[in-house]
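A.B. asks: Sequence plus predicted model, see below.
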Amino acid sequence: MQFGKVNNPQDIDFSIPQDHPDTLKVLKNSKNKDFKTFIGCAKWNKQDLKGFYPRGTKDELAYYSTQFNCIELNATFYKSPSKEQVRTWYDKTPAHFKFFPKLPNTISHFKRLVNTQQATEEFCDAVAHFEEKLGMAFLQLHDNFKPKDFESLKKYIENFPKVIPLAVEVRNAEWFADQKFTDEYYEVIKSNNITNILVDTAGRRDMMHMRLSTPTAFIRWVGANHPSDYNRLDEWVSRISQWKKEGLENLYFFVHQNVELESPLLSAYFIEKLNKALNLDIQIPKTLNSNNNGKQTTLL
């Protein structure tokens, strides 16, 4: 993922900001204490994850789903899936696996949420066939989708089919620069039980708003292909541990890289650290080796 990429990651302050006060309010109101954790990559194809698959692997998704418990499904951004395609993906994966499909760019980028009811219903009808394997759909808005477009977003969210859980990512800096816009957006998503996406990437630290709207943390983490990536993940383990104590119900954490082949390496490192911190037993991808410092460095 190239969004937020910089040429000088060593100069970026990657520290996680303090939580917005609303985050603690949301977590303290949580009723369900059954904490669920899903950690994965954004893609499963060999071209991006070179070296991850054992030699002779014939079905990438089938293998990927034995190593990770979820996928951030970016393929649906470029083409809305058919029901048949969804059932194919469903049948290839184990019972515990979850899909997190991105809404198509025809809805979010080209039509900018206007006159998209039919396209949205077709998408939702299709992904509903993931059944219990549907984690959460997510809407990523174009970088130039600004607060002036708020009414379109508000209407879209209010009319979105309630049977499909949804998260939203706004990207334009104006959403975060003016408190009025930020609060209006937040109140709409919170009142409609929409999850506020956090993006941790080098060049857009304003997207680390640390403001949860539901007891679900949906985090899209973008590494910088730099040694600091490991320390950044360590800090997330600490923050997530804090949120769990405060009432976090779900963690959806997706690891991206500017060069994606390192995503499984960092995912495995993060899973191992989180398992130890929270006494979890999430599978660590077994095709990875560790060095003496416990940091994943080499793909078999």
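C.D. replies: Arrived safely.

A.B. asks: what helix or strand is Ile284 on?
C.D. replies: Assigned by DSSP states H and E, Ile284 belongs to neither a helix nor a strand.

A.B. asks: Report the contact partners of it.
C.D. replies: Each residue near Ile284 by CB atoms under 8 Å, 6 or more residues apart in numbering is listed here: 268, 271-272, 275. Just so you know, the C-beta spots here come from the backbone N, C-alpha and C atoms, and that holds for glycine as well.

A.B. asks: Strands - which of the residues you listed land there?
C.D. replies: Nothing among these maps onto strands, per DSSP state E.

A.B. asks: Would you reformat those as JSON lines and include distance to Glu249 and neighbour count?
C.D. replies: As requested, the contacts of Ile284 are exported to JSON lines (distance: CB to CB, whole Å; neighbours: other CB atoms under 10 Å):
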{"residue": "Ala268", "distance to Glu249": "24", "neighbour count": "25"}
{"residue": "Ile271", "distance to Glu249": "19", "neighbour count": "24"}
{"residue": "Glu272", "distance to Glu249": "23", "neighbour count": "19"}
{"residue": "Asn275", "distance to Glu249": "18", "neighbour count": "16"}
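
A.B. asks: Which member of those is positioned nearest Trp44?
C.D. replies: The shortest distance between Trp44 and any of the contacts of Ile284, using CB to CB, involves Ala268 and amounts to 15.3 Å.

A.B. asks: Relative to Gln140, how far out is that closest one?
C.D. replies: In this view, Ala268 and Gln140 are 26 Å apart by CB to CB, to the nearest Å.

A.B. asks: now do Ser15
C.D. replies: For Ser15, the distance to Gln140 equals 25 Å [CB to CB].

A.B. asks: Neighbour count: those two, which is higher?
C.D. replies: The residue with more neighbours, out of Ser15 and Gln140 and counting by other CB atoms under 10 Å, is Gln140; that gives 22 against 11.

A.B. asks: How is the residue nearest to Arg171 when sequence neighbours are not counted assigned, secondary-structure-wise?
C.D. replies: Counting by CB to CB, 6 or more residues apart in numbering, Arg171 lies nearest to Asp143, which is 4.8 Å off, once chain neighbours are set aside. Judged by DSSP: H, G, I helix; E, B strand; the rest coil, the three-state class of Asp143 is coil.
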